[in-house]
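Provide a 3D model corresponding to the input given below.
(one chain, ligands or ions: 1)
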Amino acid sequence: MTLERKQLDLEDERTAQKRYRRQVQDRASRPITYQGSRNSLWTGTGLPKSAVMPLGALIGRVALREPDEEDLDGGSDFYIGETKANLDGVDVFSWAAPVACTFFRGSRHHELCDEVAVIRAFEHRGDEIVDFHDEPVGDEMPAQPFRKRALTVPAAPSRTLRPPAAPRAAPLPPAPPSPTQSPSAKPTAAQKPAAPTPAAGSTPPVARQRSSLPAPLSPDAAATAPPSARPAPPAVRPEPPASRPAAPAGQSAAAPPVRAEALLRARLAAPRAKSLAPVLATLQPDQYDLVTVPAMDSMIIEGQPGTGKTIIASHRAAYLVSDGTPPENSLDGNVLIVGPTSGYSEHIRAVIDRLTSGSKRVRVLSLPELMRHLLHLRHEPRGPVSRSWQDFAKMLAVLVRAAVARLKATGMMPTLDGVYEHVRRNGSSEYPLTKDPEWIKYLGGLPPVRDARTIRAHTPLLAIIQWEVAKPRDLVGIEHIIVDEAQDVTPLEWHLLTSMNEAHAWTIVGDLNQRRSDYTPGSWTQVLDLLAIPYGDPPIHRLERGYRSTRPILQYANRLLPPAERVVLAFQEEGPEPTVKRCQRSDLGTTVLHHVIRLQVAYPQGTVAVITADPKTVETMLHRARWVRSRQNGSTWQDSGREVTVAHPDTARGLEFDGVVVVEPADFPQNLGRQGPLYTALTRPNRELAVVHTKPLPEPLRRR
Ligand SMILES: Nc1ncnc2c1ncn2[C@@H]1O[C@H](COP(=O)(O)OP(=O)(O)OP(=O)(O)O)[C@@H](O)[C@H]1O
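Next up is the predicted model:
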């Protein structure tokens, strides 16, 4: 395509984008008309349809080989957008509609998938389309795959002025039939020319054949034993890591096909923002397949850091409630997406709000937020997350249920305080709840309920009781729960989530190598045992390709894994080697600061973080150097327009930054045989990693 031609097409697409946004926003701002009688519900005004105004972004465009009568009314191309619309006779289909499979090249086959000639992915900056990337599907690129439309730029949007309904343009005449075809006959697969072999170094055309859902892992490959050979339900005692057979060291994992490669590369090279944004234009075929699994099908998705698990989790939450989702894949109830920290909730909320226009049907809560919400706690309780393995044990939930039943049987209305005290006293001397000496000792050591409310280690127990005695109205009706960073969910927390999940449909997303506690299940088999999913074990899908970190970063971090699991499949092959700097204790502050500033200079538009097991010391050092803590975000420090985030490995989970300085790896908490928190910290950077230490590094990181 000549430059001039591309410029003309770009103008045309920008005009289409403006018209689309106008249509979508106009529709969203129309009040919902109340159809019922004038009763107490009737306000006379109505509410706007969307809580958050949709951006109305076009995602891409698909050109077919031939005009299509059946689905497109004689049209030969269509757009994919946030929601459906019609632009001067050209359809815009929702990204969640089945026909969008033509664009994402997934395996949920739509009859038009075989007819696609070219896929166009839009690159946006702010509200505007700034570029597009065309990818042929199999065949060579047609000279003019997309018909040109004569569009007029709409006037500036206004709430009072609505554009007149656009007349549907007459479909373009179909392309002249080939000598051997009737005009309406679609070529069969056998008649279509074979895909040319891509030239070395060029972007390969998108795979044309129907792909299949990424094959679920065999229980063995996913570190799970077959059901018959499964261990007893997970112990509540510390879990040793399960052995996880994987590809031999150095053997490359199978690479799923990539689409919109140039745009994806540009996206990943761009500076990281504070929160995640939708990635529909570059969503990959295997990711699309997992996002669009029917709502009532449960599954586990595992993969190394940065393989797109959070992208899938957040886009899936939006898909499940989208207007465009076919009814058979959708649900009537609500979706809860659960993550590890409030920082994580903030990180993903923007994606979900953007894709659902702020739908109230998706709740985003971290586990601590969920428990605080249940208990109406305004502040984070103090102290460590646990004081003993029993704080996390599922047995506590069993005791709570028994206490609730007892109180009900005696005609008492169970309350939070009443049930807690009944559990704390181990029932009554006549009818104890347990006779196990270890449990009797534990229960006897529980503090009175007023104190328990202020101690973090007892929050899960209180939350379980609260759920049993009075479910909050805003959390009923949940039919699908998506759990991200699932490797860190304790048996007691799984119990709470199971009680909340009315349809028992799950998307469980995690990485066992990032596990930070020995009190959480050590294998997916153990998680499945806790969930009691009604229709057999859900499949386990493994994501292979790392998108976030460059190969040098992943290779360095993967030294912490058992040799069989060090396989690296990095989309970003190139990048600086990690910098490892040993210094004297007295120089630690200046050395860390030196690397923070170095990374800020290298990535001026990007984000930089220090991850340390001892944030206080780093914060004191920043304070001495006249940095100031941000008023909006307590973990961010600022100096002359520069910003750095100081994070503990726990709060860094699920987040990412352009540059990361990891301080004193030897001090990171360890779990049995694993370095989960350190592994998480080393894999947060997108572009560059620096390690600063005064003590010897953990043994696997010493070897070069
Ligand atoms: N299809 C995609 N298009 C654009 N960016 C993508 C895509 N898939 C993943 N990414 C980017 O890769 C990075 C890592 O993705 P994500 O956070 O989902 O990984 P993860 O597997 O959840 O990682 P972790 O386990 O370390 O939290 C993010 O910046 C994300 O935006």
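
Domain ranges for the protein, per the record?
For the chain, automatic domain parsing gives the domain ranges 3-136, 273-382+475-543, 389-469, 563-702.

now the helices for the stretch 501-650 of the chain?
Listed in chain order, the helices of the stretch 501-650 of the chain (DSSP state H, counting those that start in this stretch) span 524-531, 551-557, 588-602, 615-624.

which helices and strands sit right next to the longest helix seen in the chain?
Looking across the chain with DSSP state H, the single longest helix is helix 3-29. Contact here means 3 or more C-beta pairs under 8 Å, 6 or more residues apart in numbering; DSSP states H and E; on that basis helix 3-29 packs against strand 58-68, strand 75-81, strand 85-87, strand 128-136. Bear in mind the C-beta positions are built from the backbone N, C-alpha and C, glycine included.

Make CSV out of those and add mean neighbour count, distance to the ligand and mean pLDDT.
As requested, those are arranged in CSV below (neighbours: other C-beta atoms under 10 Å; distance: least, C-beta to the nearest ligand atom, whole Å; pLDDT from 0 to 100):
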stretch, mean neighbour count, distance to the ligand, mean pLDDT
strand 58-68, 23, 12, 93
strand 75-81, 25, 15, 94
strand 85-87, 20, 24, 91
strand 128-136, 17, 13, 93
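
Pipe these into CSV and attach distance to I301 per row.
Listed next are the helices and strands packed on helix 3-29 as CSV, based on distance: least, C-beta to C-beta, whole Å:
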stretch, distance to I301
strand 58-68, 23
strand 75-81, 24
strand 85-87, 32
strand 128-136, 26
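
neighbours around the residue in the stretch 1-150 of the chain positioned nearest to the ligand, how many?
For the stretch 1-150 of the chain, the residue closest to the ligand is F104, as judged by C-beta to the nearest ligand atom, at 9.9 Å. Neighbourhood size, F104 [other C-beta atoms under 10 Å]: 27.

on that earlier part again, do you know which of the helices and strands packed on helix 3-29 lies nearest L443?
Closest to L443 of the helices and strands packed on helix 3-29, according to C-beta to C-beta: strand 58-68, at 55.3 Å.

Helix 3-29 and the closest one, what's the angle between them?
110 degrees (axes from the mean of the first three to the mean of the last three C-alpha atoms, to 10 degrees).

Could you report the distance from the residue lying closest to R684 once chain neighbours are set aside to A690?
Nearest residue to R684, sequence neighbours excluded (C-beta to C-beta, 6 or more residues apart in numbering): V660, at 4.9 Å. V660 is 7 Å from A690, where distance means C-beta to C-beta, to the nearest Å.

re earlier: now tabulate the domains of the chain in CSV and tack on distance to P552.
Listed next are the domains of the chain as CSV, based on distance: least, C-beta to C-beta, whole Å:
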stretch, distance to P552
domain 3-136, 27
domain 273-382+475-543, 13
domain 389-469, 37
domain 563-702, 5
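
Check those domains for me and report the most buried one.
Burial of the domains of the chain is given as mean neighbour count (mean count of other C-beta atoms under 10 Å); domain 273-382+475-543 ranks first at a mean of 21.

and that domain, is it in reach of the ligand?
Yes. Legend: contact between domain 273-382+475-543 and the ligand by C-beta under 6 Å from any ligand atom is shown at 276, 279, 282-284, 287, 303, 305-311, 511.

what stretches of the stretch 251-400 of the chain score poorly on pLDDT?
For the stretch 251-400 of the chain, residues meeting the criterion pLDDT under 70 lie at 251-254.

My guess is R548 contacts P305. True?
Yes. Using C-beta atoms under 8 Å, R548 makes contact with P305 at a distance of 6.7 Å.

between the two, what contacts are shared?
T683 (C-beta atoms under 8 Å, 6 or more residues apart in numbering).

which SS class is V400?
helix (DSSP: H, G, I helix; E, B strand; the rest coil).

For it, give me its contacts.
Counting by C-beta under 8 Å, 6+ apart, V400 has contacts 419, 423, 461, 464-465, 468.

go on, G676?
Shown in contact with G676 (C-beta under 8 Å, 6+ apart): 487, 513-517.

Output the below-cut-off pLDDT ranges for the chain.
1, 31-51, 139-143, 147-254, 673, 703-704.

Summarise which helices and strands the helix or strand containing A313 is packed against.
Using DSSP states H and E, A313 sits within helix 309-321. With contacts defined as 3+ C-beta pairs under 8 Å, 6+ apart, helix 309-321 has these neighbours: helix 285-291, strand 299-303, strand 334-339, helix 342-356, strand 362-366, strand 478-483, strand 505-510.

and the angle for it with helix 342-356?
40 degrees.

Helix 309-321: how far from the chain's middle?
Put simply, helix 309-321 sits 6 Å off its chain's centre (C-alpha atoms, centre = their mean, to the nearest Å).

Please apply the same query to stretch 365-375.
Relative to its chain's centre, stretch 365-375 lies at 19 Å (C-alpha atoms, centre = their mean).

How about residues contacting it?
Stretch 365-375 has contacts (C-beta under 8 Å, 6+ apart) with 336-342, 344-345, 377-378, 380, 416, 453, 459-460, 462-463, 466-467, 472, 475, 489, 493, 496.

Quick one: the contacts of G676 as a markdown table, columns for distance to P534 too.
Formatted as a markdown table, the contacts of G676 follow (distance: C-beta to C-beta, whole Å):
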| residue | distance to P534 |
| --- | --- |
| Q487 | 24 |
| N513 | 30 |
| Q514 | 29 |
| R515 | 27 |
| R516 | 30 |
| S517 | 28 |
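
Closest one to A318 out of these, please.
Nearest to A318 among the contacts of G676 is Q487, at 23.6 Å by C-beta to C-beta.

Wasn't the closest one part of a helix?
Yes. The assignment for Q487 by three-state DSSP puts it in a helix.

Closest residue of the stretch 601-704 of the chain to the ligand?
Closest residue of the stretch 601-704 of the chain to the ligand, C-beta to the nearest ligand atom: G654 (4.5 Å).

Please give me every residue in contact with E485.
Counting by C-beta under 8 Å, 6+ apart, E485 makes contact with 339-340, 344, 509-510, 514, 653-654.
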